[in-house]
Structure formats: structure tokens, C-alpha cells
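Enquirer: model the following, please.
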Amino acid sequence: MTEDRKETPGSEQDEPRNYSLLQTMKAVAWGMLGIRKSRGHSEDFSRLNPLHLIAMGLLATLVFVLALVAAARWFIGYFTS
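Expert: Model prediction:
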């Protein structure tokens, strides 16, 4: 006996979609804050594009350093005037 099975969209093994740049930026932000559930962490690693991750990590680091420099200049200017 053979059964004719129709393939339904949910029955096939869907490969996880890669994250977009915005989703990668969100994952990097959570990583910088250090608050992420292990389930979300493992999901991120299965979906992240390494090039997007490196680019967003460098961009986030640059923004963080520039914010620190701006805050330091503001404080120095505020307290020396």
C-alpha cells in the first residue's frame, strides 16, 4: 500500500532564516549589555551572519567610544568653566 502524501509548507524542514542587519544590531546590543537568555543566545548563533556580526560589533564599539569621549569632554568643560 502506498500513500500519496501532499507536501505541506510546514512539513518540510525549514532552514532558519539569517538575521537582517537590524536584528543583528539588536543581538549585538543584547550581547554588549550582557543580558540574554541561553535559548536566545543559541538561536542567535545559529542565524547570525558572521560578516554582519563583525560589522555591527565594530559599529557598536565605535558609537560606544564616541559617546564616552563626548561625555568626558562635556564633563571636563562643565567642571572647568
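
Enquirer: what score does residue 54 have for pLDDT?
Expert: Residue 54 is assigned a pLDDT of 91 by the prediction.

Enquirer: pLDDT-wise, which helix or strand of the chain ranks last?
Expert: The weakest-scoring helix or strand in the chain, judged by mean pLDDT, DSSP states H and E, is helix 38-47 (a mean of 81).

Enquirer: in it, which residues are buried?
Expert: Buried residues in helix 38-47, counted by 16 or more other Cβ atoms under 10 Å: residue 44. Quick note: C-beta positions are derived from backbone N, CA and C, even for glycine.

Enquirer: helices or strands next to the following helix or strand past that helix in the packing?
Expert: The element immediately downstream of helix 38-47 (helix or strand, assigned by DSSP states H and E) is helix 50-80. The contact analysis (3 or more Cβ pairs under 8 Å, 6 or more residues apart in numbering; DSSP states H and E) places helix 50-80 against helix 21-33.

Enquirer: and the angle for the helix it packs on with helix 38-47?
Expert: Here helix 21-33 runs at an angle of 130 degrees relative to helix 38-47 (axes from the mean of the first three to the mean of the last three Cα atoms, to 10 degrees).

Enquirer: picking that back up, taking their axis directions, the least confident helix or strand of the chain and helix 50-80 sit at what angle?
Expert: Here the directions of helix 38-47 and helix 50-80 differ by 120 degrees (the same axes, to 10 degrees).

Enquirer: just give me how far helix 38-47 sits from the chain centre.
Expert: How far helix 38-47 lies from its chain's middle: 10 Å, per Cα atoms, centre = their mean, to the nearest Å.

Enquirer: for that helix, name the packing helices and strands.
Expert: Under the contact criterion of 3+ Cβ pairs under 8 Å, 6+ apart, helix 38-47 touches no helix or strand at all.

Enquirer: what's it in contact with?
Expert: Residues from elsewhere that reach helix 38-47 (Cβ atoms under 8 Å, 6 or more residues apart in numbering): 16-19, 27, 30, 36.

Enquirer: give me the below-cutoff pLDDT ranges for this structure.
Expert: Residues of the chain meeting the criterion pLDDT under 70: 1-16.

Enquirer: center of it, which residue is that?
Expert: Taking Cα atoms, centre = their mean, the centroid of the chain lies closest to residue 27, which sits 2.2 Å from it.

Enquirer: cool, thanks, signing off.
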